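Q: The following comprises the amino acid sequence and a computationally predicted model.
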Amino acid sequence: MMTAGSLLATIGFLLLAWSPTTFVFALAWIVLGTAIPMTLYDPAFATVTAVAGAKKARALIVQITLFGGFASTVFWPLTHMLDETIGWRATWLIYAGLSTLVCAPLHYFVLPSSKTYASDDEASTEVHSEKPLVPTQERGLAMILMALLFASNNFMLSGMSAHMMP
């Protein structure tokens, strides 16, 4: 998932760098909007949990979150500096190269294959050993509320993105 996301991000970055029309520019952001969730926290956390097991994964997830928090600290100023120095199209080309030559190989070669995941028996005993957080009869409502929460969050983030680009 993460390797495919990195390669899809490369396509999105290349489309952004090229974007001769508003349509291609919008298409590039749609491609990136698909690639971003394939490469960030959710698949990383799922991989760590599958490999290490639910209990051991907690400490690793905290470390991933800590290092992930530094990404904005580094890449926002770097992006600004590159944009000011070489322009926005060349900046996207650099990010396409980083996604292809750094991120995709790291995801492919460093992340373990599905063969090294914790066994289903081990994972299921760790995850299912606790009482469910939501009683069975309330799960339908809980799912509707979660869907509403995620949709509201994504609506807010997409609105911010649209206003931040100009």
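A: All right, it came through fine. Residues are numbered from 1 along each chain as shown.

Q: quick one: what helix or strand has the closest residue to residue 52 other than its chain neighbours in it?
A: With CB to CB, 6 or more residues apart in numbering as the criterion, residue 52 has its nearest non-adjacent residue at 6.0 Å, and that residue is residue 60. Bear in mind the C-beta positions are built from the backbone N, C-alpha and C, glycine included. For residue 60, the host element (DSSP states H and E) is helix 54-86.

Q: pLDDT of that helix, averaged?
A: Averaged over helix 54-86, pLDDT sits at 87.

Q: After the worst-scoring helix or strand of the chain on mean pLDDT, heading C-terminal, what element do we hit next?
A: Ranked by mean pLDDT, DSSP states H and E, the helix or strand of the chain with the weakest confidence is helix 120-128, at a mean of 50. Remark: after helix 120-128, the chain's next helix or strand is helix 139-164, criterion DSSP H and E.

Q: contacting residues around residue 32?
A: 9, 12-13, 16 (CB atoms under 8 Å, 6 or more residues apart in numbering).

Q: What is the nearest of those to residue 66?
A: Nearest to residue 66, judged by CB to CB, of the contacts of residue 32 is residue 9 at 22.7 Å.

Q: And the residue nearest the centre of the chain?
A: Nearest to the mean C-alpha position of the chain, counting by CA atoms, centre = their mean, stands residue 40 at 2.1 Å.

Q: Run through the residues that contact it.
A: residue 68.

Q: Check what pLDDT it gets.
A: pLDDT, residue 40: 85.

Q: Which positions within the helix holding residue 60 qualify as buried?
A: 54, 57, 60-61, 64, 82 (16 or more other CB atoms under 10 Å).

Q: quick one: which of those residues is nearest residue 99?
A: Distance ranking of the buried residues of helix 54-86 against residue 99, using CB to CB, places residue 82 first at 14.5 Å.

Q: tell me what the helix holding residue 60 is packed against?
A: helix 41-52, helix 88-98, helix 120-128 (3 or more CB pairs under 8 Å, 6 or more residues apart in numbering; DSSP states H and E).

Q: what angle sits between it and helix 88-98?
A: For helix 54-86 against helix 88-98, the angle by axes from the mean of the first three to the mean of the last three CA atoms, to 10 degrees is 140 degrees.

Q: how far is helix 54-86 from where the chain is centred?
A: Distance, stretch centre to chain centre, for helix 54-86: 11 Å (CA atoms, centre = their mean, to the nearest Å).

Q: which one in this protein is furthest away from the centre?
A: Largest centre distance within the chain, by CA atoms, centre = their mean: residue 137, 32.4 Å.

Q: Test for you: state the pLDDT assigned to it.
A: On the pLDDT scale, residue 137 gets 83.
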